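K.L.:
3D model of this:
(4 chains)
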Amino acid sequence: MSGKELTAFRAEVADWMKSNLSGRFAPLLDRGHAGDGGALPDLRKDWERELATGGWTCPGWPSEHGGRGLSIAEQVAFQEEYSRAGGPGRLGHIGEGLLGPTLIAFGTEEQKQRFLPPIREGREFWCQGYSEPDAGSDLANIKTRARRDPETGDWLVTGQKVWTSLAHLSDWIFVVARCEEGSVGPYGLIFLLMPLDQDGIEIHPIRQIGGGSEFNSVFFDNARASADCVVGQPGEGWKIAMALLSFERGISTLGQQMGFARELDLIATLARENGAAANPMIRDRLARAWVGLRAMRYMALRMLAQNADPQAKLESLGYKYQWSHWHRDLGKLGMDVLGFAGVAASDDPRAEKLRQLFFFTRADTVYGGTSEIQLNIIAERGLGMPKEPRGEAG
Amino acid sequence: MSGKELTAFRAEVADWMKSNLSGRFAPLLDRGHAGDGGALPDLRKDWERELATGGWTCPGWPSEHGGRGLSIAEQVAFQEEYSRAGGPGRLGHIGEGLLGPTLIAFGTEEQKQRFLPPIREGREFWCQGYSEPDAGSDLANIKTRARRDPETGDWLVTGQKVWTSLAHLSDWIFVVARCEEGSVGPYGLIFLLMPLDQDGIEIHPIRQIGGGSEFNSVFFDNARASADCVVGQPGEGWKIAMALLSFERGISTLGQQMGFARELDLIATLARENGAAANPMIRDRLARAWVGLRAMRYMALRMLAQNADPQAKLESLGYKYQWSHWHRDLGKLGMDVLGFAGVAASDDPRAEKLRQLFFFTRADTVYGGTSEIQLNIIAERGLGMPKEPRGEAG
Amino acid sequence: MDLSLSEDQLFMRDEAKRFLAERATSEAVRASIAARGHDPALWKALSSELGWCGIAIPENAGGLGLGAFEMVLLLEETGRRLAPVPFWATVSLCTPMINSVAADESRLALLSRVASDGVAATVALPRPAALDPFETIEFTACPDGDGWKLSGFCPAVFNLMAADLVLVPAKLKDKPGLGLFAIEPAAIAATTAPLDAIDSTMPIASLRLSDVTVSGASRIDAGDLQASSFVAPIQWARLGLAAEQIGAASGCLELTLNYLAERIQFGRSIASFQAVKHRCAELLIRTGEARSLLYGAAASLDADDNEAAREIDGASVLAAEALWRAAEEAIQLHGGVGNTWEYDPHLYLRRAQATADLFGSTEEKLARIADSLREVAA
Amino acid sequence: MDLSLSEDQLFMRDEAKRFLAERATSEAVRASIAARGHDPALWKALSSELGWCGIAIPENAGGLGLGAFEMVLLLEETGRRLAPVPFWATVSLCTPMINSVAADESRLALLSRVASDGVAATVALPRPAALDPFETIEFTACPDGDGWKLSGFCPAVFNLMAADLVLVPAKLKDKPGLGLFAIEPAAIAATTAPLDAIDSTMPIASLRLSDVTVSGASRIDAGDLQASSFVAPIQWARLGLAAEQIGAASGCLELTLNYLAERIQFGRSIASFQAVKHRCAELLIRTGEARSLLYGAAASLDADDNEAAREIDGASVLAAEALWRAAEEAIQLHGGVGNTWEYDPHLYLRRAQATADLFGSTEEKLARIADSLREVAA
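P.N.:
Below you'll find the model as predicted:
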């Protein structure tokens, strides 16, 4: 696709968003992002179906699976235009961006036929069952057990998952569980697809520091995954789980950055309005935020580049750390721009947005791999420094 | 001593300094401090004798050893007034502040009679032989060997010491060496007193990054310590060595801070003169430096307090880190105040002083226990966190 | 200057710590949040029973006759537990103001109520976020027979809902100058509105007065009151705030250390990871640095040393940063649970953010110090 | 925008790295310090033999006809080794200026000398430390028959002693406006004075001209030259400086990693301590962040995108800070030997400090960016 065609494509997306993110969907503008993830769930599910009708769900999937087979450049353009238009947080993201590509790569024909269409059509929503109370940073330390029901061949799952984003709004969950008795770490795991609406599963919301509850603990007590809902072979769970995570990187990043840019704009605007922008330190921090965001944009473009530059590959290990710390600092900057006005709730929805941003961005440096784990990975895999020893227990 | 008497005492010191740090000693004003430690050695040795004549060497030693038995408050007052007057770096410091108190505590009568008077009179200067190429942060990993000469009972020392401050201007060195074959770590060490002017000792200057050479490597090749020059018992070297270091803390700190204050004054003055003080960021840093120095002053006073406040004791573990990072930052601030004018040598001796300060303060966070070791100590001894494991080798 | 803590001081501090560890537990603090950030039983115990509010009140008014230094020691402990009581507002904000600007007859009466009767007191600061919180005063006082009519609005008064006594500075309508009025909450109950504060343990409420009639005796100043009259007493409030922040920073670090020691990842206690150890050590250093300046500034204030003002500015800067950093690190080092309501780090984060810019931002305080350096100002 | 590196670009970078690793060793750099920071053999090899100086010179002038992006890739490598050659001054500072403001006849001639003849070139920047280095121009040019008489003083010209060609901007005495003069060093040899620079690998010298007579042909501009004419070409110098800083930051990190891997303390490689690992990882992140913006800014410059200017400001800020931090950490993590002349960290520290405030301080650059944000500027 030429630059000109790409520009036309961008215009098409922008037009579609303008026409469709209006009327009954107008309340969704800028809603449902991290920290506000549980907002307006019914309308957002409708919105997913609206996207599907427009052909904008799963645009990067191959056409034989109902996608549009868009190039990376087009997918980036779509993400950016979607975010630029203030498109709401995507309830379908886990299914579209993570599980779908995983099934396309590793699923059986039956699994593809059963699960891909409802994802594409915005009819079934997925959540992710990886983390556990003792498998946070140490992700492989999974205790949830899956044992085979000798009669049916189904798998019966018992244990607890935590930090399950939007489980209460989802229909299905994919779960990594230990299927081989006595196995440890990444060995002996299984990757299962499970309906949430069953007796053996309870979902408890986790209240976050900002007051919201978009994460959950999910408790399994002999919950059932049908025999044909294993992805890969029993014992291969870790491989599938890691492959799934690898689909997350990259393209959605530029859309995320567009959202960051909107937040920075808001903060800068408020700083001008309330006079904080006259403070040289605040100006300095606003400029640094702009610089950091620009650097993130180019880092993302280096990551998406076709040709393998080993230096870019090495430095991309730092991207999670980079954006999460940038965003955490932005959350603090927002509060400092508000000043004493941020100390109590306000009638100004923009100030409320900044307060929520402040609280939610505290978690950016923890979820999806803590900064400490990121630094270990960079040092060990990137710089070849010695591995951190495991302790005796565990 | 009442507050009034202390004020009178301060005036006495200030008067003495004013009358004596003049004439032939005038060139010593503000010279010979860290980074300039080798400056004007002959005149500074004369100055030590001048101090002795005035009764100002070893004022904290008990009177039976020729000191004046000054209280802590008086010693602090002396140090502060000495520094405030621009008194030069003390060549006698190691003898007066470290070895002297160690001999008073642990030495034999003969050792006291032999070594204390020439220290007090400014006739013999000492340097410290602790660090080795592989015993830096890991101070107990000493490789220098002392074996007993069966004929004389003397000790013959072979090995290398590094970072020996002003060895080339000193007469004697105290050395920690391994006297028990096969011992490791802090066991089996001996604390020896050795004349530097002998065949078995060679002193090689270490060129520092700022160009100066106040540190040395000292090479021992069957160098001799006479049998009566062991402090404590053979095997007790670590205990003596650590006790010696404990004498270093405290009183000289407030004098050191007075020197820091003079440096900050100089930087602030230059900032005003060259316009850097108009820059809000420079003003911010100057103010922070003032705040940090003030906090250091009160930390020192808490450390000197009579009554044991466990909180103060705990927090005093951070003092080395605190002052060294403050001083390193001050060195950088000085350069940033100079701006492009600091990029090349200048005719202005004040600018030269700041350039030297910049280079020398890079070492503050390393010498006398690196910041990393300080943080380990705080975490382990102060906060009770688990010890860092040793490796297999070593 | 001697910064030794006497046996009495050490004992007082240890007792306060012990008492609050028992009474201002996490559960108690959380329970108070539902009650607008006030724990009446705790307040009664520490004010009426233990007499803490009299710490710096002269003995002839029923106080202990001690100074800023001892006040600071107690506030560190209330800060450490984020104790949900109007202690800072009473002892640091209100009491020094009474002590400093009230006429003799009012002073003794009011101080003895604070010292002995468990009275919670606060001040309607015109601009709590300004370097000079009295730089513009919106309240006005109009003579009305023997009394006064007060009008005006203050957007945020600390601990207003729990206060038994509120000081309101107002511009006099009949002549130049200011008056300071002591108001009973009953008179204004209808016009106070609690705010949804991010730090529930330090509650705020707005106060609107519309021609509220108060008696002549409500005016407590000795006459000739100017905005500059408040400069000296407000130093106590600034110092006290820093003390609570530093105490909170220490409390937050303790919380983190306890969690780190218990939590196992990769088969090891998290506390055994060197990077984690170093970061905790840095928190101790920062807190210790701030505490040293806090003690020095308190001693300077007690000694009437003219360094006190900028030392308090400096202590405020270090205290706010130490607490912020301790809270940010607490959340990070707690990992996932650090971002949950259920764990306590966010309570400290809230205090850190809510108090960061009180009495001026960090930059404003540092700028004022820079202005005061003679080499720079010249 | 595509930030892929082509096969050619990757090859060029790898070759440059390999070549400099062989030729700009620590020993060679140190040897050059005694020779006023210039290694003539290295310069000959990379300019005349390898043709690096023609990287961004049009093909019709004998260059490679590539852009800022490729220039940046080479400068990263010279920066990595602190290569003691006037490469930055020639390709980043002087060449773009010739390209941008020289009259046609001079341009091709001068560019082809740079591209093919191994000519080292520099510019007498009126104020190298200012955000706008041409804001005040002290040199003057007075018509003198067919030629000119030049006068004035420049306190610090980069690589002046090694230069075969020096561009001097001067105020015209006969009419408003500026002229740009290309001067041969022979004409001014007597009036240049090398300075004792803290960074010997980037030598500077002062230049004093007192009625120095130059030919009419020395004036190379196309007429109508203003201070603003230099805004565009100086972007290349700023970008190139950032590239050298980022390359140096990476070189300094490599140096540190090598040392850490070898050095044993407490029976372990220092590289195995987690706090050390995390600090090295943070250096990689900073450097990677700076490099990303560097590449983006270079691509913007090549695309004539109007974001280029502030992206270059941003890249300058990140580059200077990444290098400073890498150097400071290198010294710290080397322990005692990091403070000795014998080890290399201080060479990077010198470069970091010497270049930190070129073309404006970090604060000035950030202030300019803030001014440009539409939401802030309003």
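K.L.:
what's the neighbour count on the residue of the stretch 251-394 of chain A found nearest chain B?
P.N.:
Taking Cβ to the nearest Cβ, chain B has its nearest neighbour within the stretch 251-394 of chain A at A:Pro280, 4.6 Å off. From N, CA and C alone the C-beta is placed, and that goes for glycine too. By other Cβ atoms under 10 Å in any protein chain shown, the residues close to A:Pro280 number 19.
K.L.:
That one contacts B:Asn279, correct?
P.N.:
No: using Cβ atoms under 8 Å as the test, A:Pro280 is too far from B:Asn279 to be in contact (9.1 Å).
K.L.:
Common neighbours of these two, please.
P.N.:
D:Glu363 (Cβ atoms under 8 Å, 6 or more residues apart in numbering or on different chains).
K.L.:
Let me see the backbone angles for A:Arg148.
P.N.:
phi -80, psi 130 (degrees, to the nearest 10).
K.L.:
How about it: what's its closest non-neighbour residue?
P.N.:
Closest residue to A:Arg148 apart from its sequence neighbours, by Cβ to Cβ, 6 or more residues apart in numbering or on different chains: A:Trp155 at 6.1 Å.
K.L.:
With A:Gly54 instead?
P.N.:
A:Trp16 (5.7 Å).
K.L.:
Okay, the residue of the stretch 251-394 of chain A closest to chain B and chain D: tell me how far apart.
P.N.:
Look at A:Pro280 and chain D: by Cβ to the nearest Cβ, to the nearest Å, they are 7 Å apart.
K.L.:
Tell me where the model's unsure across the stretch 201-350 of chain A.
P.N.:
A:248-250 (pLDDT under 70).
K.L.:
Spell out which parts of it neighbour chain D.
P.N.:
A:265, A:268-269, A:271-272, A:277, A:280, A:283-284, A:286-288, A:290-292, A:294-299, A:301-302, A:305-307, A:309, A:311-312, A:314-318, A:321-322 (Cβ under 8 Å from any Cβ of the partner chain).
K.L.:
Which segments of the chain make up each domain?
P.N.:
I'll assume chain A. A:3-91, A:126-235, A:249-382 (automatic domain parsing).
K.L.:
To clarify, I was referring to chain C.
P.N.:
Following automatic domain parsing, chain C resolves into domains at C:7-119, C:140-227, C:229-377.
K.L.:
Now for the nearest residue in space to C:Gly152 that is not next to it in sequence: which residues touch it?
P.N.:
Closest residue to C:Gly152 apart from its sequence neighbours, by Cβ to Cβ, 6+ apart: C:Phe139 at 3.4 Å. By Cβ under 8 Å, 6+ apart, the residues touching C:Phe139 are C:Ala124, C:Pro126, C:Leu150, C:Ser151, C:Gly152, C:Cys154, C:Val168, C:Pro169, C:Ala170, C:Lys171, C:Leu209.
K.L.:
And the strands in the stretch 151-300 of chain A?
P.N.:
A:155-165, A:172-178, A:189-195, A:201-206, A:215-225, A:230-235 (DSSP state E, counting those that start in this stretch).
K.L.:
Pick the most deeply packed of these.
P.N.:
Most buried of the strands of the stretch 151-300 of chain A, by mean neighbour count (mean count of other Cβ atoms under 10 Å in any protein chain shown): strand A:172-178, with a mean of 26.
K.L.:
Appreciated, that's everything.
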